[in-house]
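Asker: my questions are about this predicted structure, shown below with the sequence.
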Number of protein chains: 2
Amino acid sequence: MPRGRRPGSPATREAILDAARHEFASHGYERATVRGIAASAEVDPSLVLHYFGSKEQLFAAGLDLPMNPATVVRSVFEQGDTADRGQRLVAALLSVWDETADRSPFVAVLRSAAGAGPIADTVREFVDASIIGTFADILPGEDRRLRAALIGSQIAGLLLGRYVIQIEPLASANPDHLAEVYGPTIQRYAYEDLATG
Amino acid sequence: MPRGRRPGSPATREAILDAARHEFASHGYERATVRGIAASAEVDPSLVLHYFGSKEQLFAAGLDLPMNPATVVRSVFEQGDTADRGQRLVAALLSVWDETADRSPFVAVLRSAAGAGPIADTVREFVDASIIGTFADILPGEDRRLRAALIGSQIAGLLLGRYVIQIEPLASANPDHLAEVYGPTIQRYAYEDLATG
């Protein structure tokens, strides 16, 4: 351990997390480095890796994500039957998030950005009354509100990815191709037997 | 026209929109009223309806939404062949939003809440590197990044609806039922022929 650097301890772990939150917020995920976080926390980089394993895991720990999403994805998609991976992934994500979302600083950050405040309340009420309500008027069956919400969740994810967050290749994909690709999903949520796909 | 109230004119229309933006932001969509907006703009409620038709259309006009989503939904789902409604809905939404998203104050508001600032940059980079990147490592085929982004868009919409915006019945739905319902969507995005569903 270099002179003047803190030894390993719970307080050191917290100092690393604080430094990580600050570095990720200041520089973004790609540009933040384990070396920079270690320097900011006044510890050796090897201690950061000893505690957290990788930059990715450090980010998840710093945001207090319920679980590293990459770990969940890998645990489901790299083993077991191929045919029910989609269902197992959703089940795994929900089982973790249902337990922890209400206590997660990460969800709190998202809620304050996207889910609280008068504008966001207005948007939520509008989505509820106008989008979900409109589909619920039009669609058949007793589960029409669930069908409407399923459609809303896919449309919202698409608009968010393409226009707001602008994730590639969604942001620049050909719109006709996206309509072909997303069409059957909306179609199934609207009209088909939901339990069996 | 009551005494002291403004007559119809482009300036009146703008005054109504300004009042509407303020009322919706202050009270939310459900609690804001045409009567209250008219009073705030110092016009008769009938003039508000003359210009904008309904509270819903007034909200869309005030946010400068590319198009009233309910109108798009109805125009697609209340006519034409049932079998390709999903595809036509996505095509209709994208054709409007592709043209106008960059100039829309509504998208600007969403971007500043969810898509800008250091934390949001960090989250976007993390989603890109960790979620999309992880799926792109694991999935087969040349279009694996698109498949990864499709999965990400559905997972993001689900998490947003259930935990952040908390739209019903998504927020309180049984998690096993959601896994059954969303499973085939994820499964198709991951492994199946995307163009034909």
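Answerer: Good, I have the coordinates.
Asker: please make it C-alpha for all contacts and neighbour counts, starting now.
Answerer: Fine.
Asker: tell me who's in contact with the residue positioned nearest the centre of chain A.
Answerer: When CA atoms, centre = their mean is applied to chain A, the residue found nearest the centroid is A:Pro69 (7.5 Å). By CA atoms under 8 Å, 6 or more residues apart in numbering or on different chains, the contact set of A:Pro69 is B:130-131.
Asker: now do it against B:Val90, distance only.
Answerer: 28 Å (CA to CA, to the nearest Å).
Asker: now do A:Arg31
Answerer: According to CA to CA, A:Arg31 stands 35 Å off from B:Val90.
Asker: now do A:Asp137
Answerer: 19 Å.
Asker: alpha carbons only: can I get stretch A:62-81 in CSV?
Answerer: The C-alpha atoms that make up stretch A:62-81 are tabulated as CSV, following Å, rounded to 0.1, in the frame of the first residue of the first chain:
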residue,chain,number,x,y,z
GLY,A,62,-22.4,3.4,-7.0
LEU,A,63,-25.9,3.8,-8.4
ASP,A,64,-27.1,1.1,-6.1
LEU,A,65,-28.7,-0.6,-9.0
PRO,A,66,-30.8,-3.6,-7.8
MET,A,67,-28.4,-5.9,-9.8
ASN,A,68,-25.9,-5.5,-12.5
PRO,A,69,-28.1,-5.9,-15.6
ALA,A,70,-25.3,-7.6,-17.6
THR,A,71,-25.0,-10.3,-14.9
VAL,A,72,-28.7,-11.0,-15.2
VAL,A,73,-28.6,-11.1,-19.0
ARG,A,74,-25.6,-13.4,-19.0
SER,A,75,-27.0,-15.7,-16.3
VAL,A,76,-30.2,-16.2,-18.4
PHE,A,77,-28.9,-16.2,-21.9
GLU,A,78,-25.7,-18.2,-21.5
GLN,A,79,-27.3,-21.3,-20.1
GLY,A,80,-30.4,-23.4,-20.0
ASP,A,81,-33.1,-24.0,-22.6
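Asker: mean confidence (pLDDT) on that stretch, please.
Answerer: On average, the pLDDT along stretch A:62-81 is 79.
Asker: how about stretch A:21-30?
Answerer: Computed over stretch A:21-30, the average pLDDT equals 71.
Asker: just the CA coordinates of stretch A:163-173, formatted as PDB?
Answerer: The C-alpha atoms that make up stretch A:163-173 are tabulated as PDB, following Å, rounded to 0.1, in the frame of the first residue of the first chain:
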ATOM      1  CA  TYR A 163     -35.600  10.300 -30.000                       C
ATOM      2  CA  VAL A 164     -34.700  11.000 -26.400                       C
ATOM      3  CA  ILE A 165     -31.800   8.800 -25.400                       C
ATOM      4  CA  GLN A 166     -30.900   8.300 -29.100                       C
ATOM      5  CA  ILE A 167     -29.400   4.800 -28.800                       C
ATOM      6  CA  GLU A 168     -27.900   3.300 -32.000                       C
ATOM      7  CA  PRO A 169     -28.900   1.500 -34.100                       C
ATOM      8  CA  LEU A 170     -32.400   2.500 -33.100                       C
ATOM      9  CA  ALA A 171     -31.900   6.200 -33.600                       C
ATOM     10  CA  SER A 172     -30.900   5.900 -37.300                       C
ATOM     11  CA  ALA A 173     -32.700   2.700 -38.300                       C
END
